[in-house]
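[1] Dropping the sequence and predicted coords here.
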Amino acid sequence: MTPHESSHGPSHGFPHAPPGHQLPLAAVLFDMDGTLVDTERLWWEAVEEVAGRPLTEADQPEVLGRPVEHTAEWLAAATGASSAATLAEALHREFADRVRTGIVPRPGAVALLDALAAESVPTALVTASPRAVADTVLQALGAHRFAVSITADDTEHTKPAPDPYLAACAALGVDPAHCVAVEDTPTGVSSAEAAGCAVLAVPSLAPIAAAPGRTVLESLAEVTPARLREMLPRRAAPSSSYELRVMSWNLWHGGAKVDDHRSKQLKVIVETGVDVVGLQETAGTAAGELAEALGWHHHRAGGNLGIISRHPITAALGDPDVGFYGAAGARVDVGGVEVDIWTAHLDYTPYGPYEAAFDGLAAPELVAHEGVRLEQMRDTLTRIAEAAGSDRPVILTGDFNAPSHLDRPDVEWPVSRAAQAAGLRDSYRETHPDPRTAPGHTWSPVHPEHEDGSGRPEPQDRIDYVLHNGRGLRAVASTTFVAGTPRPWPEVAGNDWPSDHAAVITTFAMDVLG
C-alpha cells in the first residue's frame, strides 16, 4: 500500500526552523470588546442584568469572548428560561444601550491605530459581537481606521473557531502567519492562534498566560508597529538543524463523542503548530480528512491508525491492513532527511492501573498480565528495526495503554522496558526527569471518576508516548496538551477537546541537509 498524499498546500502553523529574517507585518487584526474599547465590563454588566444575579469567575468561560447566542443558550439552560432567543434579544438590547452611552477606548488603542496607519499597515476589526454593535463602535473609533471588519454575522462559526480571523485575512489578501492579532480573552486568543496568527494578548477580565507565538502585555499604551513586528515568527535561514514537532493523539473513536469534532481537531493541530501527528482510533477516515483540510500528506493503515504530515511521505511502513491494535509507519522527508515515524495502539485489557488501584494486585501479577501488550510492542519494535536499518532516525508515537517503569519504579512495566531495551528513548521523561513534579498524565482529562458510577477516583496515568532512537534527533521540549477545560464524562459533547486522552507533543532538534 502506498501512502495517500494530498498536494502539499499552505498551512497556518508557525514556522519551526531556526531564526532568520523577520517575517513582514502584513496586517494587524484587532478584537473589539475589551481590546480596543472597554466594553467587556459593559457586556458583563448586561449579562448580569439579564441573568438577574451577580456573575462570578466561574461564569467567565460562558460570557467572555463568546457570541451573544452562546451566552443566551447558557443562561437559558442555567435559569430554565423557555426561550434562548428571547434572552439573546435582551442581551443585545442591554449591551447596545450601554455601548451607546458608555464606550471608552482602551489606553493606547487609538494611538496604535494611528501609528499603524502612518506606516501603511492595514488593520481589521474582528469581533464576536453582531454587526449592529460593531458599527456603533466603529462610528465611535472612526470606521476609516479599519480596512475590514468581521462580525459574528459574517462567518458560519465565530470565536473560538478560526473562521473570523481567516475571513479577515482573506478579505485583506494576507497570510495569517504574517499578521498579529490583538486579543483580550482566552476565547479570542484561541481563535487567532488557530488561524495561524501571532498574538498579542492584553487581558481585560480573565488572565491569559504567555505561550510560544503569544505575547502578553498589560495594555496597548507602549505598543508600537515595531514592537508588533518583533512578535512575528522568523523565516528560516540556511542551517544544518531543524525543529520537528511531533504529536501523538488518540482521537477517541475518531472524535465522534464530541460535537463538531473534526473542526476542533483541525483547530488543535493548527494551534499547536505540530508538523507530524501519529493518530490512533481514527475511525477509518480521520487521517485522510484532516490531511485534506490542512493540505498535508497522510498514510492510513487499517481502520484505526494513521499518520499525517506537513512534510512529504515517501513510503508506507508496516502492515497496511493492521487491525484495531498494532502499529503502522510512514517514511517522512524532513529537509532532505528521511525519518521513520510510527504510530501504535496497544490492547487496553487487562488494564494495569485498574488492577493496581481497584484489585490490589502486586507487582509480579501486574507484570504477568502485560503479556498481550508486550507481544504487540515486540512485534512493533521488530517491524521498526526491519524498516529503519542501522542509521535511520525513528520516532514512535502511540497509546500503549500501559504506564512506564520510569514513572512507577515499583513495577517493572515491561512494555516501556522493551522499548527502552530496543534503544528507544522516552522524550517526555528526557525533558521532565522527575515524575513527581511532571507526571505527564494523559489518561484521562474527561474521567476524574471511574465510569462505573461508583465514585471511585479514576487512576490518572501517562499511557501515551513519543519515543525516539536518538539518531540525529534530540528532544528539546515535550508537553501534554488539552484544549480548554473539558467537562467530565458523560457531559462531553460540547467540549473543546475532542478526546478522552491528552495529546503528547515533542519538539525535536534534528540535522537536515544544508
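    It's in.

[2] hey, where'd the strands end up in the stretch 51-200 of the chain?
    123-126, 148-150, 179-183, 198-201 (DSSP state E, counting those that start in this stretch).

[3] Which among those strands is found nearest to Glu271?
    strand 198-201 (10.5 Å; C-beta to C-beta). C-beta coordinates here come from the backbone N, C-alpha and C atoms, glycine included.

[4] Parallel or antiparallel, list what pairs with the closest one.
    If you go by DSSP bridges, strand 198-201 pairs up with strand 179-183 (parallel), strand 214-216 (parallel).

[5] How about the spatially most central residue of the chain: what's its closest non-neighbour residue?
    Taking C-alpha atoms, centre = their mean as the criterion, Val268 is the residue nearest the geometric centre of the chain, at 2.8 Å. Closest residue to Val268 apart from its sequence neighbours, by C-beta to C-beta, 6 or more residues apart in numbering: Ala483 at 5.6 Å.

[6] can you pull the pLDDT of the one you found?
    At Ala483, the predicted lDDT confidence score is 88.

[7] show me what contacts it?
    190, 264, 267-268, 271, 496-497 (C-beta atoms under 8 Å, 6 or more residues apart in numbering).

[8] would JSON lines of these with distance to His441 and pLDDT be doable?
    Shown next, in JSON lines, are the contacts of Ala483 (distance: C-beta to C-beta, whole Å; pLDDT from 0 to 100):
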{"residue": "Ser190", "distance to His441": "22", "pLDDT": "89"}
{"residue": "Lys264", "distance to His441": "21", "pLDDT": "93"}
{"residue": "Lys267", "distance to His441": "23", "pLDDT": "91"}
{"residue": "Val268", "distance to His441": "18", "pLDDT": "92"}
{"residue": "Glu271", "distance to His441": "21", "pLDDT": "84"}
{"residue": "Asp496", "distance to His441": "19", "pLDDT": "93"}
{"residue": "Trp497", "distance to His441": "14", "pLDDT": "96"}
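
[9] From the residues you listed, pick the one nearest Gly329.
    Taking C-beta to C-beta as the measure, Gly329 lies nearest Val268 of those, at 22.6 Å.

[10] Which helix or which strand is home to that closest one?
    helix 261-272 (DSSP states H and E).

[11] contact partners of the next helix or strand after that helix?
    Where DSSP H and E defines the elements, the next helix or strand beyond helix 261-272 is strand 276-280. Applying C-beta under 8 Å, 6+ apart, the contact partners of strand 276-280 are 244-251, 269, 286-287, 290, 304-311, 332, 341-345, 395-399, 466.

[12] between strand 276-280 and helix 261-272, how many degrees?
    150 degrees (axes from the mean of the first three to the mean of the last three C-alpha atoms, to 10 degrees).

[13] in strand 276-280, what counts as buried?
    Neighbour counts over strand 276-280 (16 or more other C-beta atoms under 10 Å) mark 276-280 as buried.

[14] So what's the gap between the helix or strand that that strand is followed by and the chain middle?
    Sequence order places helix 286-294 as the next helix or strand after strand 276-280, per DSSP H and E. Distance of helix 286-294 from its chain centroid, counting by C-alpha atoms, centre = their mean, to the nearest Å, is 16 Å.

[15] and helix 286-294, average pLDDT?
    pLDDT averaged over helix 286-294 gives 94.

[16] Remind me what that helix packs against, helices and strands.
    helix 261-272, strand 276-280, strand 297-301, strand 305-309 (3 or more C-beta pairs under 8 Å, 6 or more residues apart in numbering; DSSP states H and E).

[17] Would you mind saying which of those lies nearest Arg229?
    With respect to Arg229, and counting by C-beta to C-beta, the nearest of the helices and strands packed on helix 286-294 is helix 261-272 at 22.3 Å.

[18] just the CA coordinates of that closest one, formatted as CSV?
    Provided in CSV are the C-alpha atoms of helix 261-272 (Å, rounded to 0.1, in the frame of the first residue of the first chain):
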residue,chain,number,x,y,z
HIS,A,261,-15.1,17.2,16.4
ARG,A,262,-13.4,17.4,13.0
SER,A,263,-13.1,21.2,13.1
LYS,A,264,-12.0,21.0,16.7
GLN,A,265,-9.3,18.5,15.8
LEU,A,266,-8.1,20.8,13.0
LYS,A,267,-8.0,23.8,15.4
VAL,A,268,-5.8,21.8,17.8
ILE,A,269,-3.4,20.8,15.0
VAL,A,270,-3.1,24.3,13.7
GLU,A,271,-3.0,25.9,17.1
THR,A,272,-0.2,23.7,18.4
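
[19] next one: that helix to chain centre, how far?
    Worked out by C-alpha atoms, centre = their mean, helix 261-272 lies 6 Å from the chain centre.

[20] now that helix and strand 305-309, what's the angle there?
    40 degrees.

[21] From the contact counts, what lies against helix 261-272?
    helix 186-195, strand 241-250, helix 286-294, strand 503-511.

[22] In the stretch 351-500 of the chain, where is pLDDT below threshold?
    For the stretch 351-500 of the chain, applying pLDDT under 70 flags no range at all.

[23] can you give me the strands for it?
    Using DSSP E, counting those that start in this stretch, strands in the stretch 351-500 of the chain cover 394-399, 425-426, 464-468, 473-481.

[24] closest one to Ala194 among those strands?
    Nearest of those to Ala194, taken as C-beta to C-beta: strand 473-481 at 13.5 Å.

[25] residues making contact with the closest one?
    So strand 473-481 is in contact with 243-244, 247, 268, 272, 339, 393, 395, 425, 427-428, 430-432, 440-442, 466, 468, 502-510, going by C-beta under 8 Å, 6+ apart.

[26] Quick check: neighbours of that strand in the sheet, parallel or antiparallel?
    As assigned by DSSP bridges, strand 473-481 forms pairs with strand 503-511 (antiparallel).

[27] just the angle between the partner strand and strand 394-399, please?
    Using the same axes, to 10 degrees, strand 503-511 lies at 180 degrees relative to strand 394-399.

[28] can you list the residues that contact strand 503-511?
    With C-beta under 8 Å, 6+ apart as the criterion, strand 503-511 contacts 16, 240-249, 268, 272, 274, 334, 337, 339, 393, 395, 397, 427-428, 431, 440, 442, 464-466, 468, 472-482.

[29] Just the buried ones among those residues, please.
    Looks like the contacts of strand 503-511 have 16, 242-249, 268, 272, 274, 334, 337, 339, 393, 395, 397, 427-428, 431, 440, 442, 464-466, 468, 472-473, 475, 477-482 buried, using 16+ other C-beta under 10 Å.

[30] Make TSV from the strands of the stretch 351-500 of the chain and add distance to Glu57 to it.
    Formatted as TSV, the strands of the stretch 351-500 of the chain follow (distance: least, C-beta to C-beta, whole Å):
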stretch	distance to Glu57
strand 394-399	35
strand 425-426	37
strand 464-468	31
strand 473-481	24
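
[31] Mind checking those strands for the one nearest to Ala171?
    Using C-beta to C-beta, the strands of the stretch 351-500 of the chain put strand 473-481 closest to Ala171, at 31.0 Å.

[32] any idea of the angle the closest one forms with strand 464-468?
    170 degrees.

[33] mind checking how far strand 473-481 is from the chain centre?
    Relative to its chain's centre, strand 473-481 lies at 15 Å (C-alpha atoms, centre = their mean).

[34] For the helices and strands packed on helix 261-272, give me a markdown table that also has distance to Ala210.
    Output for these, formatted as a markdown table (distance: least, C-beta to C-beta, whole Å):
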| stretch | distance to Ala210 |
| --- | --- |
| helix 186-195 | 11 |
| strand 241-250 | 18 |
| helix 286-294 | 26 |
| strand 503-511 | 17 |
